[in-house]
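*Asks:* I would like to see how this sequence folds:
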Amino acid sequence: MFLVLKNSAQNWQPTANLVNLRKRAEILSQIRNFFYQRNILEVETPLLCSASIPDPNIHSLQTQCLVAGQAYPKTFYLQTSPEFAMKRLLAAGSGSIFQIGKAFRDAEMGSYHNPEFTMLEWYHLNFDHQQLMNEMDELLQVVLKTKPAERLSYQELFERYIGVNPHTATPAILSDKLQEFSINIDQHALMGGDDYLNLLMTHTIEPELGREKPIFVYDYPASQSALARLRKTASYQVAERFEVYYHGTELANGFHELTDAMEQKKRFEQEQEKRVAQGLSPMPLDAHFLAALEQGLPDCAGVALGVDRLIMLALGVSDIQEVITFPTHLA
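*Replies:* This next block holds a predicted model:
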């Protein structure tokens, strides 16, 4: 006996038309050729993982699975990013690598979000975040035919659009700026300086970014980068991290990767504390990943890029459903 879902007969067709799906295939081929020409190895890693990222802003999907030697099902997490497994490959001597695959994040649905989405992630050995920005810029010029990108530090960005130094502004100053830009906040929520900065970024700055050409924003506050190396400036630390924006859309997030296992474990524990403070369950830390860091992660920079968003920009469409076959609510 089969269960037929209500209204399934009316909703069986893909939300993306065939013209867009053919263009999607062409873009995926362009991306692969870009890396093949640079002798960067394509890899695949598991979708099911025994641990997930403790970041309180990223929500994992989980399932149960029987594994050899166990009488009861074990909890696994659908990967929010292939990062940890790819870094295990790097520590094993893979050399520079890339992957195009599915990733999953709960509570993310909208014109730019689907719980299941396609991610491009790559790691280039002996690159820092500045060199990886160069490579990312080259990829965007190939796929989107863009002009060479603009670059601004996170500090320069906030000074231009908000009129404050984000590394030194107090929460009180940032709260005043939220009021100045008519951004409403929940006064009962647990809010800190980074929360204020993120609200100013998403509500005021992001929509203005990359109108004519992509823009790289780099050197984020140290507190916003659990997986990036830190660098000391004259009076404060910055994280060697960047994000890429085009036509007001966030496309990618990159890092000069942290290789210190003890420091990484410390940052994960700090993320766990934030989760608990927000009433979220703690996540199991990835012991395999931490062991790989202890063995030795080579100097590298890595970046994760949202492929569906990239294709949306290439096709000039405004809803992710126009570039994927079956969104989650119709799967």
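*Asks:* mind listing the strands for the stretch 101-250 of the chain?
*Replies:* 116-125, 150-153, 215-221, 230-232, 237-246, 249-256 (DSSP state E, counting those that start in this stretch).
*Asks:* In CSV: those, plus mean neighbour count and distance to residue 58.
*Replies:* Backbone N, C-alpha and C define where each C-beta goes, glycine included. Putting the strands of the stretch 101-250 of the chain into CSV (neighbours: other Cβ atoms under 10 Å; distance: least, Cβ to Cβ, whole Å) gives the following:
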stretch, mean neighbour count, distance to residue 58
strand 116-125, 22, 13
strand 150-153, 16, 25
strand 215-221, 22, 16
strand 230-232, 12, 21
strand 237-246, 23, 15
strand 249-256, 23, 11
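*Asks:* weakest of those strands by average pLDDT?
*Replies:* Ranked on mean pLDDT, the bottom entry among the strands of the stretch 101-250 of the chain is strand 230-232, at a mean of 89.
*Asks:* Need the contact partners of it.
*Replies:* 219, 222, 237-240 (Cβ atoms under 8 Å, 6 or more residues apart in numbering).
*Asks:* same deal with stretch 204-218?
*Replies:* 129-130, 133, 136-137, 140, 144, 146-154, 157-158, 161-162, 181, 183, 240-251.
*Asks:* now the end-to-end length of stretch 320-329.
*Replies:* In stretch 320-329, first residue to last residue: 13 Å (Cα to Cα, to the nearest Å).
*Asks:* How far off centre is that stretch?
*Replies:* 19 Å (Cα atoms, centre = their mean, to the nearest Å).
*Asks:* So which bits of it are buried?
*Replies:* 320-324, 326-327 (16 or more other Cβ atoms under 10 Å).
*Asks:* What is the lengthiest helix in the chain packed up against?
*Replies:* Longest helix in the chain, counting residues (DSSP state H): helix 18-36. Contacts defined by 3 or more Cβ pairs under 8 Å, 6 or more residues apart in numbering; DSSP states H and E place helix 18-36 against strand 41-42, strand 97-104, helix 129-143, helix 307-315.
*Asks:* If we use 6 Å, what do you get?
*Replies:* Here helix 18-36 touches helix 129-143, helix 307-315, going by 3 or more Cβ pairs under 6 Å, 6 or more residues apart in numbering; DSSP states H and E.
*Asks:* all helices of the stretch 151-300 of the chain, in order?
*Replies:* 154-161, 171-180, 193-200, 261-277, 287-296 (DSSP state H, counting those that start in this stretch).
*Asks:* Just put those helices in a markdown table and tack on distance to residue 121, mean neighbour count and mean pLDDT.
*Replies:* Converted to a markdown table, these look like this (distance: least, Cβ to Cβ, whole Å; neighbours: other Cβ atoms under 10 Å; pLDDT from 0 to 100):
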| stretch | distance to residue 121 | mean neighbour count | mean pLDDT |
| --- | --- | --- | --- |
| helix 154-161 | 22 | 18 | 96 |
| helix 171-180 | 32 | 15 | 90 |
| helix 193-200 | 23 | 19 | 90 |
| helix 261-277 | 18 | 15 | 92 |
| helix 287-296 | 14 | 16 | 95 |
